[in-house]
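*Asks:* Task: produce atomic coordinates for the following.
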Amino acid sequence: MKGKRLDIPVTEKATVKQICDITTQVCGLPKNSLRLKTRQQKYHIPRMVASNIARVEKELHYNSIADVLSRDRSSIYHYEKSHKILYQTWSVYRDIFNSVYNAYNENKKTQLSEKQLRQILKDIGIQNSLKPKVFVKVKVVDVIVTVKSDYTNFCYIVEQIKLALKDFNHELYIEVI
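*Replies:* The predicted model follows:
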């Protein structure tokens, strides 16, 4: 397996959970109610909206979304396939989608230069390993910085980065060689 890199997304489920929490707040539903096994519109529409923001807008994997929503992947496929026509033709769906999407993006900072990102990482004490075996790719919008780590420190590094960037729209990936 030498030379082959494996990209593992770290923040997908956390992002889906955050989208679901914002969705339930905007729609006035109890927390975690999108996981309920009901087809009532007051739960079903917000569930579809949360799924589509995660899938269509954030390009998160079907399995991550399905796991957080306690659904199977085929439901997520269906929500994604239905999104465009529902958005165009059904004002109830469109209004909820727009409200949740705006609330999600309102909470996140998106402007960050590579220099600023490197400074944030430096400020929290992140240093590159001399003998890296694990690479943590930190992506904030279009800016990507890779942190070189070893097996013993990468979990700590990932947790520190997640805390430092909690107010930013970010993604983390782990590459293992």
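*Asks:* Helix or strand with the lowest mean pLDDT in the chain?
*Replies:* Within the chain, confidence by mean pLDDT, DSSP states H and E is lowest for strand 6-9 among all helices and strands, at a mean of 56.
*Asks:* Just the endpoints, please. Distance across stretch 54-73?
*Replies:* Start-to-end span of stretch 54-73 (CA to CA, to the nearest Å) is 13 Å.
*Asks:* So which bits of that stretch are buried?
*Replies:* 54-56, 58, 60-62, 64-69, 71 (16 or more other CB atoms under 10 Å). Placement of C-beta: from N, CA and C, glycine included.
*Asks:* Over to stretch 30-37?
*Replies:* For stretch 30-37, by 16+ other CB under 10 Å, it's 33-34.
*Asks:* And stretch 142-156, end to end?
*Replies:* 24 Å.
*Asks:* on that earlier part again, show the subsequent helix or strand relative to the least confident helix or strand of the chain.
*Replies:* Later in the chain than strand 6-9, the nearest helix or strand by DSSP states H and E is helix 12-27.
*Asks:* Can I get that following helix as PDB, trimmed to CA atoms?
*Replies:* C-alpha atoms of helix 12-27 as PDB (Å, rounded to 0.1, in the frame of the first residue of the first chain):
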ATOM      1  CA  GLU A  12     -18.800  15.600   7.400                       C
ATOM      2  CA  LYS A  13     -21.100  14.200  10.100                       C
ATOM      3  CA  ALA A  14     -20.400  17.200  12.300                       C
ATOM      4  CA  THR A  15     -21.400  19.500   9.500                       C
ATOM      5  CA  VAL A  16     -24.600  17.500   8.800                       C
ATOM      6  CA  LYS A  17     -25.500  17.600  12.600                       C
ATOM      7  CA  GLN A  18     -24.900  21.400  12.600                       C
ATOM      8  CA  ILE A  19     -27.200  21.800   9.500                       C
ATOM      9  CA  CYS A  20     -29.800  19.700  11.200                       C
ATOM     10  CA  ASP A  21     -29.600  21.700  14.400                       C
ATOM     11  CA  ILE A  22     -30.000  25.000  12.500                       C
ATOM     12  CA  THR A  23     -32.900  23.500  10.600                       C
ATOM     13  CA  THR A  24     -34.800  22.500  13.700                       C
ATOM     14  CA  GLN A  25     -34.200  25.900  15.200                       C
ATOM     15  CA  VAL A  26     -35.400  27.800  12.100                       C
ATOM     16  CA  CYS A  27     -38.500  25.500  11.800                       C
END
